[in-house]
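Participant: Sequence unavailable; structure follows:
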């Protein structure tokens, strides 16, 4: 400020406005008008006298008017400086307020520096202008004492605390980070569990059940005809007409209608449930103008079943709120056929009972003949693949291949993954609907990843490493962290302010630092899920390669599921892991469209093709 005042005095003297046009060597010398002079000259009582003293020291002979003008110049320069400082500070305060999403900000500003402390008017002008520029901020100004010495010590202490907290967080997250040797172990153990599930003498005790599906071929492109598909897996179900055309213009055309199942049908008798289903099939046939037409049908039945043939599935137990009596332990195809016969309106040839994972493989297999693996990574997770019949000891015969429904979600239920499980996995498992079951699925699928993240965040907060150590009721609430939030938070396009708004929507008041930590936890948990899934898949494709005695295998995996399709990084990490752990396999991935509906019809189409070929 002093230098600015000196330059103004020189310019005004040159213009003959001050000092009678007199200019001295001292006045022209940089640094001879110190900022401390400005502070003293602006004092009420002795200011003018001091102005005369300073000007005389510069070799000038000032008049009374020259002293008043110099004082006024000092006031203008210092006022502008205070207002510029206030404008910059106001921008900072508004940014803080916006970051926190507050209507009104209450904060303190620590201030140091000789101008602020010694100038008689600077602080008052600064405060006044800040209040005018940001009326929605209540600002308290605090003078710092020994900011450079004491402040340096405080910065060091804070840095030490932050480094210590980061080290504690990283030590916790280390258990969720898997290196290559650990992933190779997951792959090797999966291969061992697959063998146990395939062999007759170990099958009953094996957690990975490796269930025969009696699907013996993927589509070859010659399938044609009209097929019905019934997709039952929850409170809504679909009836579909699927028209498969071959030749040069191969195509699959689909028509479907969604029906609901009333609670009384879900929880009444089996006859009532299947009569309702058949009533809906009849409505659909009439809607399509096909009343009385007998068509082959595929039945996607997404409940635990034991299949003894392609068209026989024994319901082991109801899930998802179904409790219809007289069904468990019975063949669902027989129950459906009995209901059709009771209606006496039409007849259907139920060719196949289908698992949605197998449907996914078949849907992609229609487009890509190399597709021999199906994978679902959504709310749950499962895989299937084409196994050599000679290895399927539960089914007679050694010729050809059969699709095996792995039910790999149960991998680890015998404790073989316990060395990789963390206290967070244990907490999620213990509070789930099926403790001790589906342990692999609970480490990789969408239904559970959000809960793992919530448990990590809760642990960090209890230890004072997150959210300022304040454990909110929302954070203690199971299920608040849906997997869609993980996908949103990990999106590369999302700024930290948007991450904070997601956390605030969840009732979690966070700082920008908190948002960075939450994002890191989401990344670590989702990455581990994708890596585990990739290690399991590497075991599957390597088994196919070894089964066929190939040096190198080219294979396609048909994939479905919201986690795979919607998470910004899950599929990329999964692909990288498979490439790394199965280097002798060239694996392509194709996303399935409607594996449970279209897939059921294609399985039926393949079965009809094979059946017709056997009749000729």
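Facilitator: Received the coordinates, thanks. Values in this document were obtained by computation on a predicted structure and should not be read as measured data. Numbers count the residues shown, from 1 in each chain.

Participant: pLDDT weak spots in the chain?
Facilitator: 146-149, 151, 494-495, 595, 614-616 (pLDDT under 70).

Participant: tell me how far the ends of stretch 104-119 are from each other?
Facilitator: 30 Å (CA to CA, to the nearest Å).

Participant: Quick check: buried residues in that stretch?
Facilitator: By neighbour count on 16 or more other CB atoms under 10 Å, the buried set for stretch 104-119 is 105, 111, 115, 116, 119. Where you see a C-beta, it was placed from the backbone N, CA and C, and this is true even at glycine.

Participant: Among those residues, name the ones in strands.
Facilitator: 105, 111 (DSSP state E).

Participant: Same list (the buried residues of stretch 104-119) but as a markdown table, adding distance to residue 190.
Facilitator: Below are these laid out as a markdown table (distance: CB to CB, whole Å):
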| residue | distance to residue 190 |
| --- | --- |
| 105 | 54 |
| 111 | 63 |
| 115 | 70 |
| 116 | 67 |
| 119 | 74 |
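
Participant: For the stretch 251-400 of the chain, which segments are assigned as strands?
Facilitator: Assigned by DSSP state E, counting those that start in this stretch, the stretch 251-400 of the chain shows strands spanning 251-260, 296-301, 305-309, 312-315, 349-354, 371-377, 381-388.

Participant: Let's verify residue 415: helix, strand, or coil?
Facilitator: Under DSSP: H, G, I helix; E, B strand; the rest coil, residue 415 falls in the coil class.

Participant: Quick check: residue 110 touching residue 140?
Facilitator: No: using CB atoms under 8 Å, residue 110 is not in contact with residue 140, being 9.9 Å away.

Participant: show me what contacts residue 394?
Facilitator: Going by CB atoms under 8 Å, 6 or more residues apart in numbering, residue 394 touches 198, 200, 203, 212.

Participant: show me what contacts residue 330?
Facilitator: Contacts of residue 330 by CB under 8 Å, 6+ apart are 270, 314, 315.

Participant: before we move on, the earlier item: of the buried residues of stretch 104-119, just say which sits nearest to residue 397.
Facilitator: residue 105 (75.7 Å; CB to CB).

Participant: what bridges to that closest one?
Facilitator: Here residue 105 sits in beta bridges with residue 137, as judged by DSSP bridges.

Participant: With the one 5 residues further on instead?
Facilitator: Here residue 110 sits in beta bridges with residue 142, going by DSSP bridges.

Participant: From residue 35, how far out is it?
Facilitator: 21 Å (CB to CB, to the nearest Å).

Participant: What segments of the stretch 451-600 of the chain are strands?
Facilitator: According to DSSP E, counting those that start in this stretch, the stretch 451-600 of the chain carries its strands in the segments 553-560, 585-591.

Participant: List the buried residues in the shortest one.
Facilitator: To tie it back to what came earlier, the one meant is strand 585-591. In strand 585-591, the ones that count as buried by 16+ other CB under 10 Å are 585, 587, 589, 590.

Participant: how about the first one, what does it touch?
Facilitator: It refers to residue 585. 538, 541, 542, 544, 545, 552, 553, 554, 555, 578.

Participant: ok, now with 10 Å
Facilitator: 537-538, 540-542, 544-545, 550, 552-555, 578-579 (CB atoms under 10 Å, 6 or more residues apart in numbering).

Participant: Same check on the third one?
Facilitator: Counting by CB under 10 Å, 6+ apart, residue 589 touches 364, 371, 373, 375, 537, 556-559, 564, 571, 574-575, 578.

Participant: got JSON lines for the residues you listed, with distance to residue 8 and neighbour count too?
Facilitator: Output for those, formatted as JSON lines (distance: CB to CB, whole Å; neighbours: other CB atoms under 10 Å):
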{"residue": "364", "distance to residue 8": "79", "neighbour count": "31"}
{"residue": "371", "distance to residue 8": "81", "neighbour count": "25"}
{"residue": "373", "distance to residue 8": "81", "neighbour count": "27"}
{"residue": "375", "distance to residue 8": "77", "neighbour count": "28"}
{"residue": "537", "distance to residue 8": "76", "neighbour count": "29"}
{"residue": "556", "distance to residue 8": "79", "neighbour count": "20"}
{"residue": "557", "distance to residue 8": "77", "neighbour count": "27"}
{"residue": "558", "distance to residue 8": "79", "neighbour count": "31"}
{"residue": "559", "distance to residue 8": "74", "neighbour count": "25"}
{"residue": "564", "distance to residue 8": "70", "neighbour count": "22"}
{"residue": "571", "distance to residue 8": "66", "neighbour count": "19"}
{"residue": "574", "distance to residue 8": "69", "neighbour count": "29"}
{"residue": "575", "distance to residue 8": "68", "neighbour count": "17"}
{"residue": "578", "distance to residue 8": "73", "neighbour count": "26"}
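
Participant: mind putting those in TSV, distance to residue 381 included?
Facilitator: TSV is the format used below for the contacts of residue 589 (distance: CB to CB, whole Å):
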residue	distance to residue 381
364	17
371	18
373	14
375	8
537	11
556	19
557	13
558	14
559	11
564	9
571	13
574	11
575	16
578	15
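
Participant: and which of the residues you listed is nearest to residue 491?
Facilitator: residue 571 (14.0 Å).

Participant: Setting aside sequence neighbours, what's the nearest residue to that closest one?
Facilitator: residue 564 (5.4 Å; CB to CB, 6 or more residues apart in numbering).

Participant: ok, now which ones touch the one you found?
Facilitator: The contact partners of residue 564, by CB under 10 Å, 6+ apart, come to 375-378, 381, 446, 530, 533, 570-571, 574, 589, 591-592.

Participant: what do you get for residue 284?
Facilitator: Residues in contact with residue 284 (CB under 10 Å, 6+ apart) are 228, 230, 238, 239, 240, 241, 255, 256, 257, 259, 290, 291.

Participant: The same query, at a cut-off of 8 Å, please.
Facilitator: Per CB under 8 Å, 6+ apart, neighbours of residue 284: 239, 241, 257.

Participant: What is the nearest of these to residue 45?
Facilitator: residue 257 (93.8 Å).

Participant: pretty sure that closest one contacts residue 282?
Facilitator: No: judged on CB under 8 Å, residue 257 makes no contact with residue 282 at a distance of 11.8 Å.

Participant: and the nearest residue to residue 117 once chain neighbours are set aside, how many residues sit next to it?
Facilitator: By the measure of CB to CB, 6+ apart, the closest residue to residue 117 outside its immediate chain neighbours is residue 143, 6.6 Å from it. Close neighbours of residue 143, defined as other CB atoms under 10 Å, add up to 12.

Participant: can you check residue 142 too?
Facilitator: Residue 142 has 10 neighbours, counted by other CB under 10 Å.

Participant: Kindly provide the distance from it to residue 121.
Facilitator: 19 Å.

Participant: can you check residue 334 too?
Facilitator: From residue 334 to residue 121 the distance is 96 Å (CB to CB).

Participant: Return the distance of the helix or strand where residue 7 lies from the chain's centre.
Facilitator: Assigned by DSSP states H and E, residue 7 falls within helix 2-14. Chain-centre distance of helix 2-14: 62 Å, with CA atoms, centre = their mean, to the nearest Å.
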